[in-house]
Each structure stands twice: as structure tokens, then as C-alpha cells.
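>>> Give me coordinates for this.
(chains A and B)
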Amino acid sequence: MSRFLLYSLAGVALFALGLHALLARDHLLRKIIALNVMSSAVFLFLVALAYRGRPEAPDPLPQAMVLTGIVVAVSGSALALALVRAIHAASGRTTFAEEEGLE
Amino acid sequence: MRPSRLHSLLLIVPVLGLTAVLVFAVLSLPAETGSLADGFDSRLHEAGASHPVTAVLLNFRAYDTWLETGVLLLAALGLLALRGRHDLAAARTPRSHDPVLGWLSRLLVPMMVLVAGYLLWLGSHAPGGAFQAGAVLAAALVLQLAAGAWSVPALSVPALRVALSAGVISFLLVALGTVLAGRRLLEMPPRLAGTLIVLIEVAVTLAVAVTLAMLFAGARPAPGGGNDR
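Numbers count the residues shown, from 1 in each chain, chains lettered A, B, ... in the order given. Here you go, the predicted model:
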């Protein structure tokens, strides 16, 4: 299996794992971690794309996109964590109200 | 079985379906392809940075980086809006008397500042640059926050506002300059590109470091309980 296939399929697998956790887990912190796993998977895939077919001179464009994406993901995660803390402070819960019917 | 366990098992089916579609898409990608960056190598010497990723980030696709600094500012504003009237200065930790933390922060913080400066300079010809340096600087600030040796200034302090918006403002000034000089937006002249890139990177490093440190400080509980309001 070529290196591109290895890394890109690993990215797809990670994305699927993160997506399942995002949908199946109730706790808000788990959802945030799942979103981070999904974004890391997308970054892995983008970097794999940069190396596709040209190992000696990787394409700089997807790498720059990943750098931008990492910063955006960190800021978004920080804001999401602050929101979780606000939800907890306001209601004492760490899940969404409508999902508690499933428990 | 509990409803939530059944729920999570049932979800495996559509997620596996999506995975199959994605795997098929990946396997059917052509082995090699052209790229938007194909013409970059010949123009790299005009870009002001000899590392292709830095040149792309701060010259060829500078508009995207500008918007990225805007996203950082937006996250900081969102956090400040969440905290309401309480300034982040209220979340100050008392100065720690832990000897290990004190010794470690005194040892590490100067080195981190040095590493951040080095990464900033390195970005012009090797992997590095503003965001990496800003992240290391943010880590130094977080260490100081944890040790109680520093706290985020109140929002009324102008220096905090300048630092938070430094990234956006530096890009704005360069963009205004290029437009007023009759060029396209953010089309930097090759002679000045190197200098402009360094100036923008310094501002972005400051903005990233202060924003990330503030995002950390703002998410911590206020002293005297876990309530934010």
C-alpha cells in the first residue's frame, strides 16, 4: 500500500471514529473531543494529499491549509469548552436536555 | 440493553456506510495531479520567504491567513461575551508557593520565549513562522498563569485590546497600503515582501499568544466557586 493510501485511509478511519463518538456520546466533553479527532483526521488527509505523487516536492498549499485549520480548530475548541462550562454553571448538567430521554 | 447503548450500536451502520463512500472516493483519486501551487516555484524568489509553505501562507494566500486571525479574534470576543461583566483579571490564581512549579516556570519561560523568537525567524526559510511561535509563547504565558505570576489584564487596559487585534490590524494596514499603491489587494511588491512578512508575523505572533492565553484564562473557574456569574 502506498504511503498516500496508508495516511489517507487512516484519516478516513479516524474521521469515522470521531463521527460515531460525536453522534453516540451524550457528554458534551466527549463531543468536543470527537470533533477534535475529526478535524485531526481531516488534517491528516490534507497532508497526505500534499504528498500524493510528488514525494520530493510536497505541495505547499494543503500544508498551509492545515496550519490555518489547526489554529481555527484550537480557537473553536476553546470557545466550545467555555460554552460547556457556561451550560454547566447555568443548569448543572453536562448533556443536552433533549438527549436525556434516551437514558 | 439500555436505550443509549442500542442507539450507539445502531449508529455504526450509517457511519460505516459513510466510511465506505469515503474509502471509495480515496481509492478512486488519480495517482498524481496538478496543483494550484505548480507555478509557485518560479515565483518563490519574489515572495519574500524562501520556504514555500510560509510564502503560501503569508503572501500567495495572505487573505486566508488574514481571515484566520479574524477567527482568532472572534473566538476571544465570544469568550469575553460569555463571561459577561466579569473581567478575566478576577480569575487570577494566587501566587503559587509550590517550589517545583516556581522553579520550573523560572527555568522554562525564558527558554520558551527564546524558542518562540527562533521559530519566528526560522519561518522564512524552514518550517516555522508566526503561528508556531505564537503557540510556544502562549504555552509560556499559560505556565505563568498557572504559577500565578501573571494574569490577563482587565479589558479596559488598551494594551490587551491592541494585542488581541494586532493580527487583524497588521494585515489591514498592509492591505490598505497595497490598495492605495494601486496594486491588487495584498499584492506585495517583491522588494518589500520580506519586510512586510516579518512585520505581519511579529504582530500575528503577539495576537496568537495573547488570544490563546486569554482563552485558557477565561475558561478557568473564578476563585470562590465554580460559577461564572
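
>>> Kindly provide the distance from B:Val210 to B:Leu137.
Noted for B:Val210: a distance of 9 Å to B:Leu137, by C-beta to C-beta, to the nearest Å. Just so you know, the C-beta spots here come from the backbone N, C-alpha and C atoms, and that holds for glycine as well.

>>> One more: A:Leu17?
Relative to B:Leu137, A:Leu17 is positioned 33 Å away (C-beta to C-beta).

>>> in chain A, which ranges drop under the pLDDT threshold?
Along chain A, the model assigns pLDDT under 70 to residues A:98-103.

>>> any idea where the helices of it begin and end?
Applying DSSP state H to chain A gives helices spanning A:3-24, A:28-50, A:60-91.

>>> residue at max distance from the center of chain A?
No residue in chain A sits farther from the centre than A:Glu56, which is 28.6 Å out by C-alpha atoms, centre = their mean.

>>> For stretch B:132-141, list the C-alpha coordinates in CSV.
Extracted in CSV, the C-alpha atoms of stretch B:132-141 (Å, rounded to 0.1, in the frame of the first residue of the first chain):
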residue,chain,number,x,y,z
GLN,B,132,4.2,28.1,15.7
ALA,B,133,6.0,30.9,17.6
GLY,B,134,2.7,32.2,18.9
ALA,B,135,1.7,28.8,20.2
VAL,B,136,5.0,28.4,22.1
LEU,B,137,4.7,31.9,23.5
ALA,B,138,1.1,31.1,24.6
ALA,B,139,2.4,28.0,26.4
ALA,B,140,4.8,30.2,28.3
LEU,B,141,2.0,32.6,29.2
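
>>> ok and the residue in chain B nearest chain A?
Nearest residue of chain B to chain A: B:Glu32, at 2.7 Å (C-beta to the nearest C-beta).

>>> Now do the same contact list for the nearest residue to that residue once chain neighbours are set aside.
Excluding the flanking residues, the one nearest B:Glu32 by C-beta to C-beta, 6 or more residues apart in numbering or on different chains is A:Gly53, at 2.7 Å. Counting by C-beta atoms under 8 Å, 6 or more residues apart in numbering or on different chains, A:Gly53 touches A:4, B:31-33.

>>> for B:Leu120, same thing?
B:Leu120 sits in contact with B:128-130, B:133, B:201-202, B:205, where contact means C-beta under 8 Å, 6+ apart.

>>> Neighbour-wise, which one of those residues leads?
When neighbours are taken as other C-beta atoms under 10 Å in any protein chain shown, the top entry among those is B:Ala130 (30 neighbours).
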